[in-house]
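>>> My questions are about this predicted structure, shown below with the sequence.
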Amino acid sequence: MTDADFVAWEIIVGLGGATFMIRYWPLAFLSRADLPGWLKRALRYVPPAVMAAIITPPLFFIGTAPTIGPDLPRLTAAALAVLVAWRTRSTLLTIVLGMLALWTLQALSS
Amino acid sequence: MPQVPGARTEFMAGIRAFLPMSMSILPFGVVCGAAAVAAGMSVPQAMAMSLLVFAGSAQIASSQLFGSGAPWWVILATGVIINLRFLMYSASLSQQFAGLGRRWQAVIAYLLTDQAFALTSMRGGTPSNRRHLHWFYLGFGCATWLSWQTATVVGIVLGNLVPARWSLDFIVPLTFIAMLVPILDNPALFCAALAGGLAAVFLVLPLKLNLIAAALLGIAVGLIVNRWVERRD
């Protein structure tokens, strides 16, 4: 087994175990009690913060180069996708129209 | 006396409730499978990730971090932060499912997703649905699980076949845009997203700590804006 292989298994098993405990612990041991208020308030902002942080880097980092610059076709296609998601709330339409926009813009700019 | 639906009826209702959700879960599963392969994971590893972790956002983030050579503890910590929201869901469900045995609790925990939590809480709001709510949850969870694993396999296969110039990696941000935009229904949530998104790009941190830092910063901004808004009202 190579080093990268070992790291991959470490992550998979570690994250699998940790995720199960996060899902199991309150259900099994908290019955009748509750999470503290500050934690509940903070957890509400995990999904928007995390999702946005996953969305933006591929729109700005071109390839794996460490230089920051807007990748214009991707940024424009993403902006269009935000509009589609907002107006239609449809996952499928957002993905399909977003990909079509990206391909069109890439064809035009090459 | 009101009619209380039986266990089997509720299980089937859970499966039916999944159908409209499949439109968002299936493409997300495909993306997760493809992302794992693109990051350099083997087919058994990509499959094991989907089976053991069973949480899309954390799977995608850890695949990408793995592909970019981040240290294992950064990847693990990032995945844990992303999945911390399950604490909230699990705590809330512990009220609905009080009195179930350990085995049921373990199954419910494993099958816990954003969608399962949202739909089950909504359904549990009606008292006559509560008696067999765990069967509704199980039906929904099994349908989600089967579709997720199937979609992952499709993603693994596609990820190996589709050439890079098709830019299919762009489906990742698109999928997240489709999930993010509809939940931004107040200023605090919007600012949390804005801060997280900007920080992920402009924070230059070693060891790929950007994602964790961006998430924490987004949470902090969300809390602060929420306090401002509450004080103003």
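Looks like it came in fine.
>>> Which strands or helices does the helix or strand containing B:Arg103 pack on?
Element membership for B:Arg103 (DSSP states H and E) is helix B:102-110. Other helices and strands packing on helix B:102-110, by 3 or more CB pairs under 8 Å, 6 or more residues apart in numbering or on different chains; DSSP states H and E, are helix A:3-29, helix B:133-161. All C-beta spots, glycine's among them, are computed from the backbone N, C-alpha and C.
>>> Of all the ones you listed, which one comes closest to B:Ala38?
B:Ala38 sits nearest to helix B:133-161 of all the helices and strands packed on helix B:102-110, at 5.6 Å, using CB to CB.
>>> got the angle for the helix holding B:Arg103 vs helix B:133-161?
40 degrees (axes from the mean of the first three to the mean of the last three CA atoms, to 10 degrees).
>>> can you give me the mean pLDDT across helix B:102-110?
Mean pLDDT, helix B:102-110: 95.
>>> Show me what counts as buried in the helix or strand just after it.
Per DSSP H and E, the first helix or strand lying C-terminal to helix B:102-110 is helix B:114-124. Of all the residues in helix B:114-124, those buried under the rule 16 or more other CB atoms under 10 Å in any protein chain shown are B:114-117, B:119-120, B:123-124.
>>> which strands and helices sit next to helix B:114-124?
helix B:7-38, helix B:85-96, helix B:133-161.
>>> Which is the succeeding secondary structure element to the last one?
With elements assigned by DSSP H and E, the helix or strand that comes after helix B:133-161 is helix B:171-180.
>>> residue contacts, B:Ala36?
Counting by CB atoms under 8 Å, 6 or more residues apart in numbering or on different chains, B:Ala36 makes contact with B:45-46, B:49-50, B:59, B:63, B:155-156, B:159.
>>> Dump these to a markdown table, plus pLDDT and distance to chain A.
Output for the contacts of B:Ala36, formatted as a markdown table (pLDDT from 0 to 100; distance: CB to the nearest CB, whole Å):
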| residue | pLDDT | distance to chain A |
| --- | --- | --- |
| B:Gln45 | 96 | 5 |
| B:Ala46 | 96 | 9 |
| B:Met49 | 96 | 5 |
| B:Ser50 | 96 | 9 |
| B:Gln59 | 95 | 8 |
| B:Ser63 | 93 | 9 |
| B:Gly155 | 94 | 13 |
| B:Ile156 | 93 | 14 |
| B:Gly159 | 82 | 15 |
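>>> The helix or strand of chain A with the lowest mean pLDDT: how far from the chain's middle?
Lowest mean confidence among the helices and strands of chain A (mean pLDDT, DSSP states H and E): helix A:37-43, at a mean of 84. What separates the centre of helix A:37-43 from the centre of its chain is 21 Å, taken as CA atoms, centre = their mean, to the nearest Å.
>>> can you tell if that helix touches chain B?
Yes - figure legend: helix A:37-43 in contact with chain B (CB under 8 Å from any CB of the partner chain); contacting residues A:39-43.
>>> Buried deepest among the helices and strands packed on helix B:114-124, which one?
helix B:85-96 (a mean of 22; mean count of other CB atoms under 10 Å in any protein chain shown).
>>> What are the contacting residues of that helix?
A:19, A:22-28, A:30-32, A:34-35, A:39-40, A:43-44, A:46-47, B:55, B:108-109, B:112, B:114, B:117, B:120-121, B:124, B:130, B:133.
>>> Helix B:133-161 and that one, what's the angle between them?
160 degrees.
>>> Give the rounded mean pLDDT of helix B:85-96.
Rounded mean pLDDT across helix B:85-96 is 85.
>>> shaky segments in the chain?
Unless you meant another one, I'm taking chain A. Scanning chain A for pLDDT under 70 picks out the ranges A:1, A:31-34, A:62-68.
>>> Wait, chain B was what I had in mind.
For chain B (pLDDT under 70), the answer is B:1-4.
>>> Give me the domain ranges for it.
Domain assignment for chain B by automatic domain parsing gives B:7-164, B:184-233.
>>> To A:Asp71, which of those lies closest?
Going by CB to CB, the one of those nearest A:Asp71 is domain B:184-233, 11.1 Å.
>>> now the end-to-end length of the closest one.
Length of domain B:184-233, first residue to last, CA to CA, to the nearest Å: 20 Å.
>>> check whether that domain contacts chain A.
Yes - for domain B:184-233, a contact with chain A is found by CB under 8 Å from any CB, at B:184, B:188-190, B:192-202, B:210-211, B:214-219, B:221-223, B:226.
>>> Separate out the buried members of the residues you listed.
B:184, B:188-190, B:192-201, B:210-211, B:214-219, B:221-223, B:226.
>>> Let me see the contact set for B:Leu84.
Contacts of B:Leu84 (CB under 8 Å, 6+ apart): A:22, A:43, A:46.
>>> circling back: what residues sit buried inside the helix holding B:Arg103?
Quick answer for helix B:102-110 (16+ other CB under 10 Å): B:105, B:107-110.
>>> Relative to the whole chain's centre, how far out is it?
With CA atoms, centre = their mean, you get 18 Å for helix B:102-110.
>>> which SSE is residue 50 in?
The chain I'm using is chain A. Assigned by DSSP H and E, A:Val50 falls in helix A:46-55.
>>> You answered for a different chain; I wanted chain B.
Going by DSSP H and E, B:Ser50 is in helix B:43-52.
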